[in-house]
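> Please find the sequence and the predicted model below.
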Number of protein chains: 4
Amino acid sequence: MTGIRDEQTAGTDRRRPGRPRDPVAEQRILDAAIDEFLERGPARFTIDGVARRAGVGKSTVYLRWPDRDALLVESVRARSRSIEDVDTGSLRGDLIRLTTNLLRFLRDPLGYATFRITVDAVANPAYEHIARELAQKHRHAARRVFDRARTRGDTIDEAAVDPVVECLYGAVTMQVLNHGLDMASASEVDLEAHCTSTVDLVLRLLEP
Amino acid sequence: MTGIRDEQTAGTDRRRPGRPRDPVAEQRILDAAIDEFLERGPARFTIDGVARRAGVGKSTVYLRWPDRDALLVESVRARSRSIEDVDTGSLRGDLIRLTTNLLRFLRDPLGYATFRITVDAVANPAYEHIARELAQKHRHAARRVFDRARTRGDTIDEAAVDPVVECLYGAVTMQVLNHGLDMASASEVDLEAHCTSTVDLVLRLLEP
Amino acid sequence: MTGIRDEQTAGTDRRRPGRPRDPVAEQRILDAAIDEFLERGPARFTIDGVARRAGVGKSTVYLRWPDRDALLVESVRARSRSIEDVDTGSLRGDLIRLTTNLLRFLRDPLGYATFRITVDAVANPAYEHIARELAQKHRHAARRVFDRARTRGDTIDEAAVDPVVECLYGAVTMQVLNHGLDMASASEVDLEAHCTSTVDLVLRLLEP
Amino acid sequence: MTGIRDEQTAGTDRRRPGRPRDPVAEQRILDAAIDEFLERGPARFTIDGVARRAGVGKSTVYLRWPDRDALLVESVRARSRSIEDVDTGSLRGDLIRLTTNLLRFLRDPLGYATFRITVDAVANPAYEHIARELAQKHRHAARRVFDRARTRGDTIDEAAVDPVVECLYGAVTMQVLNHGLDMASASEVDLEAHCTSTVDLVLRLLEP
DNA sequence: GCCTAACCGAGACGGTACGTCGGGTCTTTTG
DNA sequence: CAAAAGACCCGACGTACCGTCTCGGTTAGGC
């Protein structure tokens, strides 16, 4: 999946004329952007600050990203923990793992930033791309889990699959939204326990 | 619930000395703020713009709201449809109505704005108040629905109530997030149909 | 003669509501601009630098002057020695004084800057105003000198007056242009001596 | 007189190894520079613009001229009408021709540009070379005129020669400065008439 | 017929300044 | 004597050039 970053090579792998872009600068900018983001938050995230921190001219930044928002999205996207696949051997285990992963993701500053951007995307077309990408990732992860369950011979009420996934993801999101500030110090164990109980509850809906 | 707005008269109806506040200014600012918000979105919402639009000096705004975020919150809050109580005579009917209301709320620009502010509240303490208020409203609405169900003699698995509500609200939120851009033209009937099927699904979880 | 500076009160001496422009800031900007100009020259003269030096925000500068050129012109104009009237009792004395003044003016960095701006004015309309003003001043000064001569009863070839003045001013300008860099250390006495000899020469042209 | 342009062959006419410079590029750059200069003026004259216009890389420009100012000077110099010698058979005729030539030169955009550069040269050492060169040309032209007059047996007040030339050149310059904008449409005949009357006036100063 | 060196175009690089805009404060006049 | 108006300082925005640099590729003479 390509990023929002302006692509130097458009539709061709042929080398473009002129001095090639410095790949080191690219990484330095992204690193600086992450630091800037984590230190100052999304509102006080500044192109000037990123360029200064990266030891790079502003034009070098603007050559790659069209504006502040694009850099913000890209830098967050580049670092946010991806939703890796899970395979615990059972549908229940997979769903618990999946849900816990999402909860962990949302409680991480970068993950939550990604979520915020996703939320903004409904109103801000600049963010649409990253939003779609994230939604797709989550859908794919869920699909794989259920595909494996079917392969194992589990009997599943197919009509319930999509709504159940929606409920699970939604319940986790609600958790973070409603208790985000209070559960700041919740332990990993608590997270998993909560996810387990939620999964055990909705699992009944999948029985035919 | 009072607003965040600075109050001039604190506990007394006695006329305060000095020039009285322009009673019209308040409303003109709020109206202008709403317009500004709807036209330019939350990120490009500016005090300068609101003041200009309202035909008012910036300090007139700052006299009433401490900063940009406070005005943004207040103006959105003042206009966003509140979650009114529902009573259809059955738990199922109430939940369908409740869910449909939330879906409608989130699909309205101002309602969605309120949601975005709630999301930002996790990172921005300035928004904490409105976020808590909204969450509380939703919780209360749900609680009333279930209280009435108990009064009617319905047998409910009490342990499942909170998770089920969380799932319902979460599922609706996921709907808007994932299909927000695509379902722009979905009809009212579709909304209700979708909510009905979701409610019918999770309703099984409440049976003891 | 008013400057190019944006006028706050347009067509009325009535005090405007709101905080008035800080007259101190005005002067601090002009002083800083002069310093900036003298230290770095017209090409490296910078609004950022002036604002920094004056301890003033850039917007405070842009509130008064529309752009870099306007501030440059105004600051130079404000300080450049004006062509004061001279009255030595004789036409010859007056012309020597007038010519020496112009020579001194042109050899002073600010005066020369004014001259450069005048030269640029032919191509750059932004400078037209100051150019016309300077030319007019010089014309008036010469006119007064000759008016007094006529009053004293001197017989003058009227047809020669304008060309002679043109020659005198032009000769001085040529001096500065051609020897500007070399005569950096010329003394005041030298200046006057040179002007005297030129005046004595062209004075013959005024005899009827 | 050689230009400021970097010379490829330093002190030897021996062919240097490597690819020789493209002689066409040289001319294309100069042409583009002239166009750029005439369209945008000296202040907004940019190397980027010249290179773009000439269809040439920036390095090709910087290989030949050390910086923006040098290219500006060279391009103007290369095109500005040179002060050719004049020989009409009489001192009066020569001076009229000389003066008219200068007036025409100054009223031409490129000629005036050269003059502006000369004026800037007093403060900007980068322009010193072209300024000296122009002054020298003018001095030589005048010297030749007077040499021929002496050869023809004219009796001339030698002490008055230099000041008179200074006055003539100066008067023409003043003309352009003061009336530059207004006399835009003056005809060739008018120019010559004005020069004639000025020459006729100052000619008296040369009689011993 | 390669080798080497300088040129060519293209364009990225770190900088600096531009003129605009917005946030939140401060200083006047107004009611 | 507080409200209102608007100037204040600050600093980021995105753009445009500067003069330098690094590419891939071209064009000659020397070997």
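Noted; the coordinates are in hand. Quick caveat: nothing in here was measured; it's all calculated off a predicted structure.
> Tell me, how many residues neighbour the residue of chain A found nearest chain B?
Nearest to chain B, among the residues of chain A, is A:G170, at 2.1 Å (Cβ to the nearest Cβ). Bear in mind the C-beta positions are built from the backbone N, C-alpha and C, glycine included. By the measure other Cβ atoms under 10 Å in any protein chain shown, the count of residues near A:G170 is 23.
> what angle separates the strand or helix carrying it from helix B:158-179?
Per DSSP states H and E, A:G170 falls inside helix A:158-179. Computed by axes from the mean of the first three to the mean of the last three Cα atoms, to 10 degrees, the angle separating helix A:158-179 from helix B:158-179 equals 100 degrees.
> which of the residues in helix A:158-179 are buried?
Going by neighbour count (16 or more other Cβ atoms under 10 Å in any protein chain shown), the buried part of helix A:158-179 is A:160-161, A:163-178.
> Surely the residue of chain A closest to chain B and B:V172 touch.
Yes - A:G170 lies in contact with B:V172 (Cβ atoms under 8 Å); the separation is 7.3 Å.
> Show residues contacting stretch A:79-96.
A:30, A:34, A:97-98, A:101-102, A:104-105, A:108, A:110-111, A:113-114, A:137-138, A:141, A:144-146, A:148-149, A:152, A:154, A:156, A:168, A:192, A:195-196, A:199-200, A:203, A:206 (Cβ atoms under 8 Å, 6 or more residues apart in numbering or on different chains).
> Tell me how far it lies from the chain's centre.
The chain centre lies 14 Å from the centre of stretch A:79-96; the measure is Cα atoms, centre = their mean, to the nearest Å.
> Next, the distance between the ends of stretch A:64-71.
Stretch A:64-71 has an end-to-end distance of 8 Å (criterion: Cα to Cα, to the nearest Å).
> Averaged pLDDT, it. What do you get?
The average pLDDT for stretch A:64-71 rounds to 94.
> same for the longest helix belonging to chain A, what does it pack against?
Ranked by residue count and defined by DSSP state H, the top helix of chain A is helix A:128-151. The contact analysis (3 or more Cβ pairs under 8 Å, 6 or more residues apart in numbering or on different chains; DSSP states H and E) places helix A:128-151 against helix A:68-79, helix A:91-107, helix A:109-121, helix A:158-179, helix B:158-179.
> mind redoing it with 6 Å?
helix A:109-121 (3 or more Cβ pairs under 6 Å, 6 or more residues apart in numbering or on different chains; DSSP states H and E).
> what does the helix it packs on contact?
A:73, A:76, A:79-80, A:105-106, A:127-128, A:130-131, A:134, B:116, B:119 (Cβ atoms under 6 Å, 6 or more residues apart in numbering or on different chains).
> so which two of the residues you listed are the farthest from each other?
Greatest spatial distance among those (Cβ to Cβ): A:R79 and B:R116, at 22.8 Å.
> where does chain A come near DNA strand E, residue by residue?
Contacts of chain A with DNA strand E, taken as Cβ under 7 Å from any atom of the strand, map to A:8, A:16-22, A:25-26, A:55-60, A:63-64.
> Which ones among these map onto helices?
Residues of the residues of chain A next to DNA strand E located in helices (DSSP H): A:A25, A:E26, A:K58, A:S59, A:T60.
> Look up how far A:A54 lies from the second one.
Here the criterion is Cβ to Cβ, to the nearest Å. By it, A:E26 lies 10 Å from A:A54.
> before we move on, what about the first one?
Applying Cβ to Cβ, the value for A:A25 to A:A54 is 7 Å.
> When those two are compared, which one has more neighbours?
Counting neighbours by other Cβ under 10 Å for A:A25 and for A:A54 shows that A:A54 has the greater number, 21 against 17.
> what about A:A131, how many neighbours?
23.
> Would you mind listing the residues in contact with it?
Counting by Cβ under 6 Å, 6+ apart, A:A131 touches A:T118, A:A121.
> out of the residues of chain A next to DNA strand E, which are buried?
A:A25, A:E26, A:V56, A:T60, A:R64.
> Can you narrow those residues down to the ones near chain D?
Applying Cβ under 6 Å from any Cβ of the partner chain, the subset of those adjacent to chain D is empty.
> On the pLDDT front, check the residue lying closest to A:E207 once chain neighbours are set aside for me.
Leaving aside its sequence neighbours, A:E207 sits nearest to A:D157 (Cβ to Cβ, 6 or more residues apart in numbering or on different chains; 6.5 Å). In this prediction, A:D157 carries a pLDDT score of 92.
> again with the one 5 residues further on
The predicted structure scores A:D162 at 93 on the pLDDT scale.
> same deal with the one 4 residues further on?
At A:E166 the predicted local distance difference test score is 94.
> Pull the contacting residues for it.
B:A171, B:M174.
> now with 8 Å?
By Cβ under 8 Å, 6+ apart, the residues touching A:E166 are B:G170, B:A171, B:M174, B:Q175, B:T198.
> I'd like these as TSV, with distance to D:G93 appended.
What follows is these, written out as TSV (distance: Cβ to Cβ, whole Å):
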residue	distance to D:G93
B:G170	101
B:A171	102
B:M174	96
B:Q175	96
B:T198	105
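> for the residues you listed, which one is nearest B:V50?
Checking these against B:V50 by Cβ to Cβ gives B:Q175 as the nearest, at 32.3 Å.
> Make sure the closest one is actually in contact with B:C195.
No - shown here, B:Q175 and B:C195 do not form a contact pair, counting by Cβ under 8 Å, at 9.1 Å.
> and for the two, which residues touch both?
In contact with both B:Q175 and B:C195: B:L103, using Cβ under 8 Å, 6+ apart.
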